[in-house]
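**Q** model this:
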Amino acid sequence: MEQRKNDLKIARLKEELGRAIEGDDVDTADLITAQLLKLQGLRSRKKIPKGFAERIAVEGTGFRGKREKRKLLFVLAAVLVLMFSVGVISYAAGIFFPYTKNRDGSVTPVNALQESVEFKAAQEYHSYLDHMTEEEWARLADTSESAIYDVPSKVEEICRKYNLKFATTRTEFSSYGSAEQQLEKMGMKSLLGTRLRELFKETEGGKFSGYMLDDGNLHMEAEVNGRDSQTRSIISIDLTPEGSFPWTGFTPNMGGFDEARSVDLIQSESGLCFPYIETSEKDSAEAFNKVGKYYITLGVSKVLTERVEQAFEKERTDLMEELDQTVRKKTGCANYESLSEKFGVGLGKAVAADAAAVRNAEEEQNWDRKRSLLLKYGGLTETELDVFDECEKKIANLQKKSDQLCILTRKDMEEALALFDFESLQKR
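**A** Numbers count the residues shown, from 1 in each chain. Presented below is the predicted three-dimensional model:
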């Protein structure tokens with residue numbers, strides 16, 4: 001009962017915090033944040049320096065007096081990050097996780113703060129790519145294996161406009177040892193934390209790869225064992241220094257970005273805080289921060305080990321054989337696949353007859369309504385529909401069982417963060 005009361009109070013305070021931020025009330029937001037810290041048993045590992053918010057506004061955002069409302073939101077968000085308030089900061093998603101919008105509705109993440117010159121340059125470039133014709137692509141694109149940018153002439157033009165460094169060479173590495181050597185040449189070997197070095201000494205067959213560009217951009221990927229024996233974590237790091245074009249060649253376009261998704265926080269042992277946001281599948285997340293002169297994106301995803309994946313594959317094979325027998329016995333169809341094809345044809349007929357009703361039934365996840373439409377228009381029998389529904393539920397349950405193992409937790413994110421010494425970047 002006491003825990004329930006505490007949870008309700010936290011929820012109320014989060015709502016009040018949101019209103020304070022929307023109302024530009026820094027003092028109230030500060031008081032509410034302190035209350036949230038106390039209620040959740042957290043404390044700030046660093047005191048907020050005097051004048052921190054004002055200094056962030058002037059030095060850290062690059063806003064320079066433009067869009068004052070957005071600037072204040074960033075200042076408030078920065079204060080919350082420093083204090084490690086575990087609140088829901090959905091309003092900051094576009095600031096902490098900037099992206100460029102594409103014409104098809106997808107977005108391309110950018111490793112830079114929103115409204116920084118680096119972000120503006122990336123935004124201009126991606127807009128240019130998004131509007132290229134096939135003829136322009138054939139004429140201008142660099143499709144060679146050594147290519148750094150799709151259209152290097154355009155990136156070079158934009159870099160001149162924004163006074164940014166333009167990469168001309170890429171150095172790749174395919175092991176932890178080669179990465180360590182390359183980082184040592186750059187004076188950044190300490191970025192690879194002690195725990196990461198230990199993991200690659202302990203783990204046989206650990207995967208580590210990445211590349212460096214001569215403008216200072218750095219990308220690394222590591223695959224390490226999870227806390228249990230069933231999963232592995234794939235961890236990626238992107239670093240972009242101020243004054244360089246934020247290369248995103250290995251970052252795929254995402255679907256429409258949900259700006260209402262909540263942003264949570266993780267904290268390093270030395271007190272650095274990273275806001276992070278999960279994907280809708282819950283098996284991966286991205287954290288973002290700016291440390292020293294570097295923009296940092298930390299990506300983490302969770303996958304099954306090969307042994308566990310093989311076990312699930314066998315379970316799937318056994319299940320499909322069982323479903324084939326059930327389908328043959330109860331419907332007369334040859335197997336589950338043939339019943340699935342028949343269902344697809346029937347669904348097409350139902351859509352042709354009453355598309356709006358089918359769409360509404362699917363949006364509401366109303367199987368009974370959808371079933372009645374398929375009986376009326378799709379040419380399927382009640383037995384066929386019941387067997388198909390039974391099969392789909394068994395397949396979904398097995399997939400859910402697999403997916404549950406790969407749900408990413410705050411602990412997974414904190415452990416990934418601990419593998420790197422981002423604090424060392426403050427000294428550069």
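**Q** Please count neighbours and contacts with C-alpha atoms only from this point.
**A** Will do.
**Q** contacting residues around Ser190?
**A** Asp421, Ser424 (CA atoms under 8 Å, 6 or more residues apart in numbering).
**Q** my guess is it is in a strand, correct?
**A** No - per DSSP: H, G, I helix; E, B strand; the rest coil, Ser190 lies outside any strand segment and is helix.
**Q** So the protein: which segments form each domain?
**A** Following the assignment in automatic domain parsing, the chain carries domains at 2-83, 308-405.
**Q** the strands in the chain, which residues?
**A** For the chain, the strands defined by DSSP state E cover 99-101, 107-109, 170-173, 207-213, 218-225, 231-241, 264-267, 273-278, 284-291, 294-304.
**Q** Strand partners (parallel or antiparallel) of the last one?
**A** Yep, that's strand 294-304 we're talking about. If you go by DSSP bridges, strand 294-304 pairs up with strand 231-241 (antiparallel), strand 284-291 (antiparallel).
**Q** before we move on, back to that, mean pLDDT for the strands of the chain - can I get that in CSV?
**A** CSV is the format used below for these (pLDDT from 0 to 100):
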stretch, mean pLDDT
strand 99-101, 76
strand 107-109, 78
strand 170-173, 88
strand 207-213, 88
strand 218-225, 88
strand 231-241, 90
strand 264-267, 76
strand 273-278, 76
strand 284-291, 84
strand 294-304, 89
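**Q** could I get the ones you listed as CSV with distance to Ala356?
**A** CSV is the format used below for these (distance: least, CA to CA, whole Å):
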stretch, distance to Ala356
strand 99-101, 30
strand 107-109, 29
strand 170-173, 52
strand 207-213, 49
strand 218-225, 46
strand 231-241, 42
strand 264-267, 38
strand 273-278, 33
strand 284-291, 35
strand 294-304, 38
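**Q** Nearest to Lys161, out of those strands?
**A** strand 231-241 (17.6 Å; CA to CA).
**Q** The closest one vs strand 218-225, what angle?
**A** Per axes from the mean of the first three to the mean of the last three CA atoms, to 10 degrees, the angle that strand 231-241 makes with strand 218-225 is 170 degrees.
**Q** Check which residues of strand 231-241 are buried.
**A** Buried positions in strand 231-241, judged by neighbour count with 16 or more other CA atoms under 10 Å: Thr231, Arg232, Ser233, Ile234, Ile235, Ser236, Ile237, Asp238, Leu239, Thr240, Pro241.
**Q** isn't the last one right up against Asn217?
**A** Yes - with contact defined as CA atoms under 8 Å, Pro241 reaches Asn217; the gap is 6.6 Å.
**Q** which residues are in contact with both of these two?
**A** Common neighbours of Pro241 and Asn217 (CA under 8 Å, 6+ apart) do not exist.
**Q** could you measure Cys406 against Ala121, distance?
**A** Distance, Cys406 to Ala121, by CA to CA, to the nearest Å: 36 Å.
**Q** now Glu180
**A** The gap separating Glu180 from Ala121 is 30 Å, by CA to CA.
**Q** between these two, who's got more neighbours?
**A** Between Glu180 and Ala121, Ala121 has the larger neighbour count (other CA atoms under 10 Å), namely 22 against 18.
**Q** Give the closest residue to the more buried one in space, chain neighbours not counted.
**A** Ile158 (6.2 Å; CA to CA, 6 or more residues apart in numbering).
**Q** ok, and the closest non-adjacent residue to Val110?
**A** Counting by CA to CA, 6+ apart, the residue nearest Val110 is Tyr99, at 5.2 Å.
**Q** give the contact list for the one you found.
**A** Val107, Thr108, Pro109, Val110, Gln123.
**Q** So what pairs up with it in the strands?
**A** When bridges are called by DSSP bridges, Tyr99 pairs up with Pro109.
**Q** and the gap between it and Asn163?
**A** 21 Å.
**Q** From Ile235, how far out is Pro98?
**A** In terms of CA to CA, Pro98 sits 20 Å off from Ile235.
**Q** And Leu417, by the same measure?
**A** 9 Å.
**Q** Can you find the helix or strand in this structure with the smallest mean pLDDT?
**A** Ranked by mean pLDDT, DSSP states H and E, the helix or strand of the chain with the weakest confidence is helix 52-55, at a mean of 38.
**Q** Apart from its chain neighbours, what residue comes closest to Gly346?
**A** Gly378 is the one closest to Gly346 (CA to CA, 6+ apart), at 3.8 Å.
**Q** could you list every residue that touches the one you found?
**A** Counted by CA under 8 Å, 6+ apart, Gly378 has contacts Phe343, Val345, Gly346, Leu347, Gly348, Lys349, Ala350.
**Q** Leaving out the residues flanking it, which one is nearest to the second one?
**A** For Val345, ignoring the flanking residues on the chain, the nearest one in space by CA to CA, 6+ apart is Gly378 at 7.3 Å.
**Q** Tell me how far the one you found lies from Ser372.
**A** 9 Å.
**Q** likewise Glu415?
**A** 50 Å.
**Q** go on, Lys330?
**A** 20 Å.
**Q** same check, this time on Glu306
**A** With CA to CA as the criterion, Glu306 and Ser372 are 43 Å apart.
**Q** hey, what's the residue nearest to Glu221 when sequence neighbours are not counted bridged with?
**A** Counting by CA to CA, 6+ apart, Ser236 is the residue found nearest to Glu221 once chain neighbours are left out, at 4.3 Å. For Ser236, the beta-bridge partners are Glu221, Gly299 (DSSP bridges).
**Q** Surely Lys349 and Tyr377 touch.
**A** Yes - with contact defined as CA under 8 Å, Lys349 reaches Tyr377; the gap is 6.1 Å.
**Q** Around Val151, count how many other residues there are.
**A** Neighbour number of Val151 under other CA under 10 Å is 18.
**Q** so how far is Lys394 from it?
**A** Going from Val151 to Lys394 by CA to CA gives 48 Å.
**Q** Pull the contacting residues for the closest residue to Phe343 other than its chain neighbours.
**A** What sits nearest to Phe343 in space, not counting adjacent residues and going by CA to CA, 6+ apart, is Leu380, at 7.4 Å. Residues near Leu380 by CA under 8 Å, 6+ apart: Lys342, Phe343, Gly346, Leu374.
**Q** Now intersect these with the helices, please.
**A** Judged by DSSP state H, the contacts of Leu380 include Lys342, Phe343, Gly346, Leu374 as members of helices.
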